[in-house]
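K.L.:
With the input below, show me the fold.
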Amino acid sequence: MFKYLFSSIACAMIFIGCGIDKNTSLSDLRQQAFEEFVAFQYKEKSDFKDDIKKVVSEYIKDNGIKADLFELNNFTNCVMYNIWEKNPKQTLELPLKACTNELNNGELKKINYEDPSWILGQFDTVSGEHYIASKYIKNNLNDPKSYEFVDANYKILSNGSQVLITTEYIAKNLLGGNVRNKTAILFSNHGEILAVY
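P.N.:
Just a heads-up that it's a prediction; the model follows:
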């Protein structure tokens, strides 16, 4: 946990005074989510989400977008969802435009988006390790100290309400030999474990 705490403090200093706008890269946004969420309990309010809401409000105002309160909330969740679905080299403008298109063509009324940022914010943006998934796997090994992270990836399901995290790792088996394994864990967007495969 201390390695995450120190990296979070160091990275937070970089972001102090730096606002988020539509030109912020998705990679930088993912890093900010990691810094705010990793190793902490889920909370409904966050600086990360508040910053995105401000950008969404400005974008809606600047582009004369008309929508009711439900659509605006769903639009914001659509943007949050797309931060994690689009190429990290793109900027926040791409999710904003994608969600505007969905609003304009009526698709946004058919889809109820949820924000997956907290559970996906558990990914270390340097190593790629998912904090909660790795912790769960280690706690269920015969020899937790033998755990060696190899790789992890995710798939967002149910429009952001669930995320499947697949972790590849090496650990000792019952006979003491090192074995490469994969474990897939289905999480709710709030971090509850729904299934393990």
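
K.L.:
contacts, neighbours, all on C-alpha from now
P.N.:
Noted.

K.L.:
Tell me how far the residue most central in space within the chain lies from N142.
P.N.:
For the chain, the residue sitting closest to the mean C-alpha position, by C-alpha atoms, centre = their mean, is L120 at 2.4 Å. Between L120 and N142 the computed distance is 27 Å (C-alpha to C-alpha, to the nearest Å).

K.L.:
So K53 lies in a helix, does it not?
P.N.:
Yes - according to DSSP: H, G, I helix; E, B strand; the rest coil, K53 belongs to a helix.

K.L.:
Now for the spatially closest residue to it that is not a sequence neighbour, how many residues are close by?
P.N.:
If the residues on either side of it in the chain are set aside, K53 comes closest to T76, at 6.5 Å by C-alpha to C-alpha, 6 or more residues apart in numbering. Residues within reach of T76, counting by other C-alpha atoms under 10 Å, total 25.

K.L.:
For the host helix or strand of T76, buried residues please.
P.N.:
Element membership of T76, judged by DSSP states H and E, is helix 69-85. Taking 16 or more other C-alpha atoms under 10 Å as the neighbour-count basis, helix 69-85 is seen to contain the buried residues 71-84.

K.L.:
can you give me how far that helix is from the chain middle?
P.N.:
With C-alpha atoms, centre = their mean, to the nearest Å as the basis, helix 69-85 stands 13 Å off its chain's centre.

K.L.:
Show me what secondary structure element comes after it.
P.N.:
Reading on from helix 69-85 to the C-terminus, the next helix or strand found by DSSP H and E is helix 93-104.

K.L.:
What residues of that next one count as buried?
P.N.:
Of the residues in helix 93-104, those buried under the neighbour-count criterion (16+ other C-alpha under 10 Å) are E93, L94, P95, L96, A98, C99, T100, E102, L103.

K.L.:
same for that helix, what does it pack against?
P.N.:
With contacts defined as 3 or more C-alpha pairs under 8 Å, 6 or more residues apart in numbering; DSSP states H and E, the packing partners of helix 93-104 are helix 69-85, helix 107-110.

K.L.:
mean confidence for it?
P.N.:
In this model, helix 93-104 has a mean pLDDT of 98.

K.L.:
tell me the angle that helix makes with helix 69-85.
P.N.:
Here helix 93-104 runs at 140 degrees with respect to helix 69-85, directions being taken by axes from the mean of the first three to the mean of the last three C-alpha atoms, to 10 degrees.

K.L.:
would you turn the helices and strands packed on helix 93-104 into CSV with distance to Q32 and mean pLDDT?
P.N.:
Formatted as CSV, the entries for those read as follows, by distance: least, C-alpha to C-alpha, whole Å; pLDDT from 0 to 100:
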stretch, distance to Q32, mean pLDDT
helix 69-85, 12, 97
helix 107-110, 26, 96
